[in-house]
Structures are given as C-alpha cells and as structure tokens.
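Trainee: build me a model:
(one chain, ligands or ions: 1)
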Amino acid sequence: MTQQLMTLSDRISYLTPVGPTDRPILMSVSGDRHTLMIDGGNSKAHAELFLEKLKDEGKPLPDLTAVTHWHWDHSFGLAALSIPSIASEDTKKAMKELINFSWDDAALDERVASGVEIQFCADAIREEFKEHRDIKVVLPSITFKDELTVDLGGVTCVLKQVGSDHAKDSTVVYVKEEKLLFLGDVTAPLMYAPVWHFTAEETLKLLDQLDQFDADTYVISHYKPISKAEYQQEAALLRKAAALVTEHRGDLDQMKTGLSTFYNRPLIEDEIDILIYFANGVPEKA
Ligand SMILES: [Zn+2]
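Mentor: Numbers count the residues shown, from 1 in each chain. Sure, this is the predicted structure:
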C-alpha cells in the first residue's frame, strides 16, 4: 500500500486512493488565504497520512475540510481533524444515524444481515481498522442547503449538492479558477441496496447538473483525475445506458445488443457492468 501525494497544479495536490481498504482520494486546494481539504478520509490514520505528506512536501495545511457524502470512507477521518468541516445538511443527517453504532465484528455482521450495512463496506472496514477499530463518528461543523461558495483567496470552490443514485446527499466541489470538478462517488451506483443499481431518472438528472460546470478535469474518488474527453465518454455511456434501460424496460440482453450496435463493436466488461446496474434498477427487479 503505497499512497503517493500527487501535484495537479500549484494550487492542488491529492493523495492516491487504496482499493482493499476503500480509501478514496483526499485533495487539498490552496488559495492565497485558505486551504480546503476535500473529504475527511476513511480513518484517523488516513487523514493523518494526508496531513503528514502535505507537511513533508512543504505544502499548506488545510484549515477547512469538505465532506462529499456520508459514507464511512469519506467521513470517518474527521475524527483526526481539528479544523472546521463542511457538508450538506443531508450529509450531517445521514452521519447522525451512525453515531451510536458499534463497529466490532459481531455488530458489523449483524448490520450486514439486517441490510443496514453492506458486505463490501464491512470487509473494507475490517481491512482498514485491522488493529484498533477506534471509530468515532464526528459530525460536520458547518452545514449548507443546496450550495455553498468558499473563497480561499483567488480560488473559489463551489460546493453543490447534486444527489445521485450512489447517495442522495452527494456533493460535488467545483474549483472554478482551476476548472476542476471533484465528483466524489457520484458516478458509482447505489450500493446500499440488495443489488447495486442505477436508475435512468437519477442518472439523467445528475448528468444534467454536472453539465452546468465548465471543467477540464474531473476527479473520481476511488479512481483518479480524468480529462474532459474521458469524462464525456463516461457520461455518454451512462446517458445511452439510461436510454436503453427505458427503451427495453430492463431487458438486459436487448440492452447489450443496443449498446453494441451503438458502438458498432463488442462490449467491454465495464460497459456490461453498467448495463447490469441499470437493469437492476428497474423497479420490479430492484
Ligand atoms: Zn460512497
């Protein structure tokens, strides 16, 4: 597990993600007066590693942090931070639900069995907190409804709650002067469900909102920053899949044929997965 601090520009650095422990990207955006950290991290160790790396490289340390959504891997690191944290009211509300949970193996198993937790996250939590499962849910200190602008001094960050299938409270962060849109997990399916899924309605609503931002770089939390061209390709695939699921009422074989005809080539695995998530999202199947 080697996590690296990457430099995107004079203003922006980020810590690379980790698969097995589900650590998402942590990013710092520095203006002339303030530095904003994007996402709290999945643990105290994760957030502390980020601060340590910034310090080692002589980068400004964050004096504010923003949480993209309530999921544990984006929020549990707040416990390590003494700086104010910002999130949507919906994120705070969802995080409140976690406060009284126990995180030992038995409690995790019980919540997986009752459908409150999912196996994917329970496994990653066990992997991240191998020795001390010292989890403390710390709530965001500043909340907003819909949208909030943070002026870092010459750099403006717009926090916009866009929702998504993945999490209703999902917020994206638009760094205006850098033309960067931090997407968090919004392009991922709903995972807290019996089957992972996308719905056509939420997907189209989300993509329309993301189109309002003029960006050259898009950051996907569990992947990496991607170019505008790569983003547009992904967005076009999601739009096409949303159209196909509606047209074929969730018939996966017909959707596959439709997408393959559209691209005029055989489909790759990622494309088939996306079609499966859309087919799973059709009401009688979800
Ligand atoms: Zn998430």
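
Trainee: and the longest helix seen in the chain, how far out from the chain middle?
Mentor: Longest helix of the chain, by residue count under DSSP state H: helix 228-247. Mean-position distance between helix 228-247 and its chain equals 19 Å (CA atoms, centre = their mean, to the nearest Å).

Trainee: for residue 13, give the beta-bridge partners.
Mentor: Assessed by DSSP bridges, residue 13 has beta-bridge partners residue 7, residue 28.

Trainee: residues near it, how many?
Mentor: Using other CB atoms under 10 Å, residue 13 has 22 other residues around it. For every residue, glycine as well, the C-beta is placed using N, CA and C.

Trainee: with residue 33 instead?
Mentor: A total of 12 residues lie near residue 33 under the criterion other CB under 10 Å.

Trainee: if we can go back for a sec, and the longest helix of the chain, what other elements does it pack with?
Mentor: Helix 228-247 sits against helix 200-210, strand 217-220, helix 252-263, helix 269-280, with contacts defined as 3 or more CB pairs under 8 Å, 6 or more residues apart in numbering; DSSP states H and E.

Trainee: not counting sequence-adjacent ones, nearest residue to residue 209?
Mentor: Computed as CB to CB, 6 or more residues apart in numbering, the closest residue to residue 209 that is not its neighbour in sequence is residue 162, at 4.6 Å.

Trainee: oops, could you answer that again for residue 252 instead?
Mentor: residue 279 (4.4 Å).

Trainee: and that neighbour, how close does it get to residue 75?
Mentor: The gap separating residue 279 from residue 75 is 31 Å, by CB to CB, to the nearest Å.

Trainee: and the pLDDT at the residue in the stretch 1-150 of the chain that the ion sits nearest to?
Mentor: Distances between the stretch 1-150 of the chain and the ion by CB to the ion are smallest at residue 71, namely 3.6 Å. Listed pLDDT for residue 71 reads 97.

Trainee: what about it, distance to residue 178?
Mentor: Residue 71 sits 25 Å away from residue 178, going by CB to CB.

Trainee: good, wrapping up.
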